[in-house]
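Asker: what's the 3D shape of this:
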Amino acid sequence: MRKMLVTDYEKCTGCRLCELVCSVKHEGVSNPARSRINVTKWETKGIMVPMVCSQCEDAPCMAVCPTNARIRESELGTVTVNYDRCIGCKTCVVACPFGAINFDPIDHKVISCDLCEGDPQCARFCETGAIRYAEASDANKMRQREAAEKLYESLQKLDGAGVS
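Answerer: So this is what the prediction gives:
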């Protein structure tokens, strides 16, 4: 069964530890600009959203790559970069619907989540559980439950306000 990273912005505190451990794991330095995960902050709403590659089944980044440098690794199913083929055109960065592909400003290369070879450090170090590494089917069940809970809460608020 395929596993994936699941994020829950409601649990994210914006500590950005995920960015730091990612950059240390992959680049050997504590530099969020070189991380494969990014916490997007909406200051006005007080929301922090961890953004990471969803490892799309029909990955747009793979479809647009002019050199076929974006490839699916067979064991974990991650979409990775073959740097021998990559020309650094950043077409994959633009094509990603989640904004989850980054460009390393030091090494001048595109970077995206590789699930840390099956042990994602961002999930391992996330103390609030905002980032979890779960079976894809379990992740879908969690999302369905969360959506149902939000719908129920919304209906309760409407009912309490006398709206029917």
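Asker: which regions of this protein sit below the pLDDT cut-off?
Answerer: Segments of the chain classed as low confidence (criterion: pLDDT under 70) are 1, 138-144, 147, 161-164.
Asker: cutoff 90 now
Answerer: Residues of the chain that meet the criterion pLDDT under 90 lie in 1-4, 42-46, 54, 57, 73-77, 135-164.
Asker: Would you map the strands across it?
Answerer: 3-7, 38-42, 47-51, 70-72, 79-81, 102-104, 109-111, 131-135 (DSSP state E).
Asker: tell me the angle the first one makes with strand 38-42.
Answerer: Calculated by axes from the mean of the first three to the mean of the last three Cα atoms, to 10 degrees, strand 3-7 forms an angle of 30 degrees with strand 38-42.
Asker: so which of the strands of the chain is the most packed in?
Answerer: Comparing the strands of the chain by mean neighbour count (mean count of other Cβ atoms under 10 Å), strand 3-7 comes out on top with a mean of 22. The C-beta positions use only the backbone N, C-alpha and C, and glycine is treated the same way.
Asker: Could I have the CA atoms of that strand written out in CSV?
Answerer: Listed next in CSV are the C-alpha coordinates belonging to strand 3-7 (Å, rounded to 0.1, in the frame of the first residue of the first chain):
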residue,chain,number,x,y,z
LYS,A,3,2.0,6.0,1.8
MET,A,4,1.8,9.7,1.6
LEU,A,5,2.3,12.9,3.6
VAL,A,6,-1.0,14.3,5.0
THR,A,7,-1.1,17.8,6.3
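Asker: returning to what we had before: which among the strands of the chain is found nearest to Gly160?
Answerer: Closest to Gly160 of the strands of the chain is strand 47-51 (Cβ to Cβ; 24.5 Å).
Asker: and the closest residue in space to Leu17 that isn't next to it in sequence, how many neighbours does it have?
Answerer: Distances taken as Cβ to Cβ, 6 or more residues apart in numbering put Phe125 closest to Leu17, at 5.5 Å, once the chain neighbours are dropped. For Phe125, the neighbour count with other Cβ atoms under 10 Å is 15.
Asker: if we can go back for a sec, will you turn the strands of the chain into JSON lines that also has distance to Met62?
Answerer: Supplementary listing: these in JSON lines, determined by distance: least, Cβ to Cβ, whole Å:
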{"stretch": "strand 3-7", "distance to Met62": "17"}
{"stretch": "strand 38-42", "distance to Met62": "21"}
{"stretch": "strand 47-51", "distance to Met62": "19"}
{"stretch": "strand 70-72", "distance to Met62": "4"}
{"stretch": "strand 79-81", "distance to Met62": "6"}
{"stretch": "strand 102-104", "distance to Met62": "17"}
{"stretch": "strand 109-111", "distance to Met62": "12"}
{"stretch": "strand 131-135", "distance to Met62": "22"}
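Asker: All set now, cheers.
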